[in-house]
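In: build me a model from this:
(one chain, ligands or ions: 1)
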Amino acid sequence: MDAGRRQFFRVAAAGAAALAARPVRGVQRGGETPAPAPAAYKRIAAEEAWGTAELFAEWKRVLDANPPDEPGFAALWRNLDPAGGGGFTPRLMDLGAGRLDAMDAAGIDMQVLMLTAPGVQVFDADRGTALAADSNDQLADACRRYPDRFAGLAAVAPQDPGRAAAEIERGRNTLGLKGVIVNSHTKGEYLADTKFWEIFEAAEALDAPIYIHPRSPSPDMLGPFVDYDLLRGDLGFGVEVAFHTQAIINAGVFDRFPDLKLVIGHGGEGIPYNLYRIDRTHPVRRPDDRAANPPSYYMRRNVYITNSGVAWAPMVEFAQRVLGVDRVLYAMDYPYQYDVEEVHAMDALPISYEDKKKFFQTNAETVFHLV
Ligand code: CA
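Out: Coordinates of the predicted model:
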């Protein structure tokens, strides 16, 4: 690691420490923002993070053994680990009273839970598959304890596509989980590669939506993001998932699996805003492009977006207009972004009651089969 990157990690750790020291708004009694009143719609938050003690212990073991191989992962861990200056792991591991209190203080009726990035995708296939199954068992237990408050997505290890497909089936049919979480690239590889398509085949057959959640960009493009401190929510996360989603579209995945559903967060990671230009560029793409339709066709037919981390009326209204009101779901991004004022802001969206109920409640119920 060169001096610039070491300096970056020192800066990142200091930033994480400041973040951890900040009070959790809304949780403290007498906090500055009152809980939103119950609404005529349920507030379902559809991209909420959690993690297991076993996963975090294995991450630490991998990072201690060989940190320079995964600088994006290392930076993420510093943001989470109390020992590294971050403080998210206790809240990530809590699937009980603390999380429920935070939901109550923010007026959140239900969370759709997913294993936090980069999940099990940094391990070898055997370890990743075993940790995914263990986390899914724990998540299913929590969903059984609080069936009105928690729904969960199954983690899988794409490192072994066949066993990942089997875990999707177990998650959906045995554990009652509602879909699949994939924390973007797996050791630099993307689901657009046909070697992963068993995963799509299982997800389509089981009507299990796949949520593609960000992590830092894959190793081949990561370097400049680290050098300029742009590898997280400011740019790198969005570039990574926008790339992954457009790669899946261009590979013809949705022509082969027309009923497959994908969900992406953060306002669609910039894709709605760029959709006109993406379509305009599509006809002159390289000759081996396999998608039969322009990207907007699949964005409006196979892809759903959440507003995780983006409680911003212009974005929500624009995405609803571009993709349709049935394709935009509410999400908070707990515990990484917990701000009760944002719930008030989304309650105040200048849209019809019908569209607001779709945004907060019924779109999530439909996509994730919650009712
Ligand atoms: Ca998130």
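In: going forward, measure contacts and count neighbours with C-alpha atoms only.
Out: Will do.
In: helices of the stretch 101-250 of the chain, residue ranges please.
Out: Assigned by DSSP state H, counting those that start in this stretch, the stretch 101-250 of the chain shows helices spanning 125-145, 161-169, 197-205, 219-227, 236-250.
In: what angle sits between the fourth one and helix 236-250?
Out: Same thing as helix 219-227. Relative orientation of helix 219-227 and helix 236-250, computed by axes from the mean of the first three to the mean of the last three CA atoms, to 10 degrees: 150 degrees.
In: what comes up buried for helix 219-227?
Out: Neighbour-count burial for helix 219-227 flags 222, 223, 225, 226 (criterion: 16 or more other CA atoms under 10 Å).
In: ok, those residues vs residue 240, which is closest?
Out: Nearest to residue 240 among these: residue 222, at 9.6 Å, using CA to CA.
In: contact partners for the closest one?
Out: For residue 222, the contacting residues are 72, 216, 231, by CA atoms under 8 Å, 6 or more residues apart in numbering.
In: can you give me the distance of the second one to residue 74?
Out: Taking CA to CA, to the nearest Å as the measure, residue 216 and residue 74 are separated by 10 Å.
In: neighbour count: these two, which is higher?
Out: Just comparing residue 216 and residue 74: by other CA atoms under 10 Å the higher neighbour count belongs to residue 216, 32 against 20.
In: right, and residue 104 touches residue 37 too?
Out: No - Residue 104 is beyond contact range of residue 37, at 10.1 Å (criterion: CA atoms under 8 Å).
In: which of these two has more neighbours?
Out: Each of residue 104 and residue 37 has its neighbours counted (other CA under 10 Å); residue 104 has more, 17 against 11.
In: give me the pLDDT value at the more buried one.
Out: We have a pLDDT of 97 for residue 104.
In: once you drop chain neighbours, what's closest to it?
Out: Closest residue to residue 104 apart from its sequence neighbours, by CA to CA, 6 or more residues apart in numbering: residue 35 at 7.4 Å.
In: is residue 34 in a helix, a strand, or coil?
Out: Judged by DSSP: H, G, I helix; E, B strand; the rest coil, the three-state class of residue 34 is coil.
In: strands of this protein, start to end?
Out: Taking DSSP state E as the criterion, the chain carries its strands at 44-50, 110-115, 150-152, 154-155, 180-182, 210-212, 262-264, 303-306, 328-329.
In: save those strands as a markdown table, and put in mean pLDDT too.
Out: Converted to a markdown table, those look like this (pLDDT from 0 to 100):
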| stretch | mean pLDDT |
| --- | --- |
| strand 44-50 | 98 |
| strand 110-115 | 98 |
| strand 150-152 | 98 |
| strand 154-155 | 99 |
| strand 180-182 | 99 |
| strand 210-212 | 99 |
| strand 262-264 | 99 |
| strand 303-306 | 98 |
| strand 328-329 | 98 |
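In: among these, which is the most enclosed?
Out: strand 154-155 (a mean of 32; mean count of other CA atoms under 10 Å).
In: what about that strand, distance to the chain center?
Out: Here strand 154-155 is found 12 Å from its chain centre; the criterion is CA atoms, centre = their mean, to the nearest Å.
In: which residues touch it?
Out: 114-115, 119-120, 132-133, 135-136, 167-168, 171-172, 177-182.
In: ok, residue 59 - contacts?
Out: residue 77.
In: distance of it relative to residue 65?
Out: Distance of residue 59 to residue 65, given as CA to CA: 10 Å.
In: now residue 271
Out: Separation of residue 271 from residue 65 (CA to CA) stands at 37 Å.
In: the more surrounded of the two?
Out: residue 271 (23 against 10).
In: isn't the more buried one up against residue 242?
Out: Yes - under the criterion of CA under 8 Å, residue 271 makes contact with residue 242 at 6.4 Å.
In: show me which residues of stretch 53-61 are buried.
Out: 55, 56, 58, 59.
In: cool, and stretch 61-81?
Out: Per 16+ other CA under 10 Å, stretch 61-81 contains these buried residues: 62-63, 67, 70-81.
In: can you get me the start-to-end distance on that stretch?
Out: End-to-end distance (CA to CA), stretch 61-81: 13 Å.
In: ok, stretch 180-193 next?
Out: Termini of stretch 180-193 sit 18 Å apart (CA to CA).
In: neighbouring contacts of it?
Out: 114-119, 121-122, 153-156, 158-159, 168, 197, 203, 208-215, 217-220, 240-241, 244, 247-249, 251, 253.
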